[in-house]
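S.K.: The sequence and its predicted three-dimensional model are supplied below.
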Amino acid sequence: MGTLELRDLDKVYRSRGKPPVHAVRSLNMNIEKGEIVALLGSSGCGKTSTLRMIAGFESVTAGSIALRGRRIDELPPARRKVAMAFEGYSLYPPLTVRQNIAFALKSQQLSRSEVSRRVDTVARLVEIDDILESFPRAISGGQQQRVSLARALVRYADLYLLDEPMGQLEPQLRAVLRGRIKNLLAEREMTAIFVTHDQTEASALADRIAVMEDGVLQQFASEKELKNRPANLFVASFIGEPPMNLLAADVARSDGGFGLSIGSDISFQMRGDALGHTAQKALGELSRVRVGIRPQKIAVGTGDARVRVVSNQWLGDQSHIAGECAGNLLIAVIPSRIAARPGDIVQFALEPRHLHIFGPDDACIHHAEVS
Ligand SMILES: Nc1ncnc2c1ncn2[C@@H]1O[C@H](COP(=O)(O)OP(=O)(O)OP(=O)(O)O)[C@@H](O)[C@H]1O
């Protein structure tokens with residue numbers, strides 16, 4: 001049993017005169033104590049709706065939410081033992097920053113010195129200790145966001161919900177706070193869910209990442225697992241920078257395995273013994289699949305694929321070379337510079353062991369070797 005259990009959670013928004021919006025569909029998740037989870041996905045995929053249902057700001061259309069074995073989906077927000085930092089979850093204007101943060105501790109009956117100590121500690125952590133006596137209207141948006149974060153983190157709760165907690169901060173401060181918040185959460189074994197559309201943030205903070213699209217959970221796994229074993233085409237193309245190269249391939253049976261060809265220019269021999277049973281069965285029934293290969297797995301300057309260079313960018317520590325081959329755009333990332341200009345022909349080497357293969361319903365039927 002996890003600390004937080006979401007069972008078949010559904011959210012449908014109905015407004016008069018408009019078609020209903022099915023924002024979250026049959027969501028199932030188990031989150032363990034002390035786990036930090038990121039809800040990651042593009043705008044409108046249902047991340048915030050999920051968080052707001054857990055917080056109690058939105059009703060649940062169907063399904064259930066249990067926290068430490070207790071059903072909470074019918075409880076008012078204040079009784080859920082959940083601390084949250086929400087965008088627009090506004091600060092009280094007549095109170096100073098210090099009073100705003102201390103207010104979150106009101107129900108906990110702590111001594112004044114204990115309240116003060118806790119407020120000071122969390123304020124230092126998010127670097128707002130110099131504005132504790134200011135009023136909300138006198139501080140910047142980024143500072144307000146950090147006050148909101150401090151107000152959540154200062155509490156002792158069963159669960160912390162953070163909606164784009166650092167969205168308004170500059171990259172440098174963001175990186176520093178990320179590290180500190182991660183340490184704090186780990187030290188106190190706090191269970192937390194945060195919403196982000198920033199992959200770097202999700203990878204840096206979270207133990208596991210829930211990738212959502214169109215209200216549907218696509219995969220819930222560690223960053224490494226998402227990268228190495230994407231469940232489907234969506235996750236494969238969403239996770240990783242630059243995105244995985246995806247190509248349509250024709251399937252043919254060949255000696256002891258399968259041949260996959262992309263136009264007449266690129267082909268792969270997949271040995272049967274390198275494919276699992278599921279992949280062999282699926283390939284035996286399919287004439288066309290999609291294959292994926294990460295840009296970092298393509299070698300440049302050797303190999304059979306002749307590629308016409310579209311762009312070649314040196315980013316200081318790696319080159320991104322985009323090229324066209326058999327009507328497909330391929331991107332390779334290599335750790336060195338090469339002298340290739342747009343229009344030049346260069347060789348790309350794509351190896352069968354680096355291929356992910358996607359079958360019907362875009363599900364992954366074979367994963368690349370992990371190296
Ligand atoms: N109160 C509401 N009434 C009607 N539709 C809503 C409401 N809140 C959200 N939606 C719709 O539900 C869908 C999911 O929205 P949600 O805010 O949960 O997504 P999100 O992934 O958090 O997006 P963002 O990153 O832009 O906040 C969207 O289509 C959105 O327009």
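M.R.: Arrived safely. As the structure is a computational prediction, the values presented were derived from the model and not from experiment.
S.K.: Return the mean pLDDT over the biggest helix by length in the chain, rounded to an integer.
M.R.: Secondary structure of the chain per DSSP state H: the longest helix is helix 171-187. Here helix 171-187 scores 93 as its mean pLDDT.
S.K.: Quick check: which helices or strands does that helix pack against?
M.R.: strand 36-40, helix 112-125, helix 141-153, helix 199-205 (3 or more C-beta pairs under 8 Å, 6 or more residues apart in numbering; DSSP states H and E). (Each C-beta comes from the backbone N, C-alpha and C, glycine too.)
S.K.: Go through these and name the closest to residue 179.
M.R.: helix 199-205 (7.9 Å; C-beta to C-beta).
S.K.: Just the buried residues of the helix or strand following the longest helix of the chain, please?
M.R.: Downstream of helix 171-187, the next assigned helix or strand under DSSP states H and E is strand 192-196. Neighbour counts over strand 192-196 (16 or more other C-beta atoms under 10 Å) mark 192, 193, 194, 195, 196 as buried.
S.K.: export strand 192-196 as CSV, just CAs?
M.R.: Listed next in CSV are the C-alpha coordinates belonging to strand 192-196 (Å, rounded to 0.1, in the frame of the first residue of the first chain):
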residue,chain,number,x,y,z
ALA,A,192,5.7,15.4,-2.5
ILE,A,193,4.1,15.8,-5.9
PHE,A,194,5.0,18.7,-8.1
VAL,A,195,3.7,19.8,-11.5
THR,A,196,6.1,20.9,-14.1
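S.K.: quick one: strands adjacent to that strand?
M.R.: strand 36-40 (parallel), strand 159-163 (parallel) (DSSP bridges).
S.K.: now what about it, what contacts it?
M.R.: 4, 31, 35-40, 47-48, 51, 54, 159-165, 167, 185, 202, 205-206 (C-beta atoms under 8 Å, 6 or more residues apart in numbering).
S.K.: Contact residues of the stretch 51-200 of the chain facing the ligand?
M.R.: Applying C-beta under 6 Å from any ligand atom, we find that the stretch 51-200 of the chain lies next to the ligand at residue 197.
S.K.: Residue of the stretch 51-200 of the chain nearest the ligand, please.
M.R.: In the stretch 51-200 of the chain, the residue that lies nearest the ligand is residue 197 (5.5 Å; C-beta to the nearest ligand atom).
S.K.: As a markdown table, the strands paired with strand 192-196 with mean neighbour count, mean pLDDT and distance to residue 326 would be great.
M.R.: Below are those laid out as a markdown table (neighbours: other C-beta atoms under 10 Å; pLDDT from 0 to 100; distance: least, C-beta to C-beta, whole Å):
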| stretch | mean neighbour count | mean pLDDT | distance to residue 326 |
| --- | --- | --- | --- |
| strand 36-40 | 25 | 97 | 33 |
| strand 159-163 | 24 | 95 | 44 |
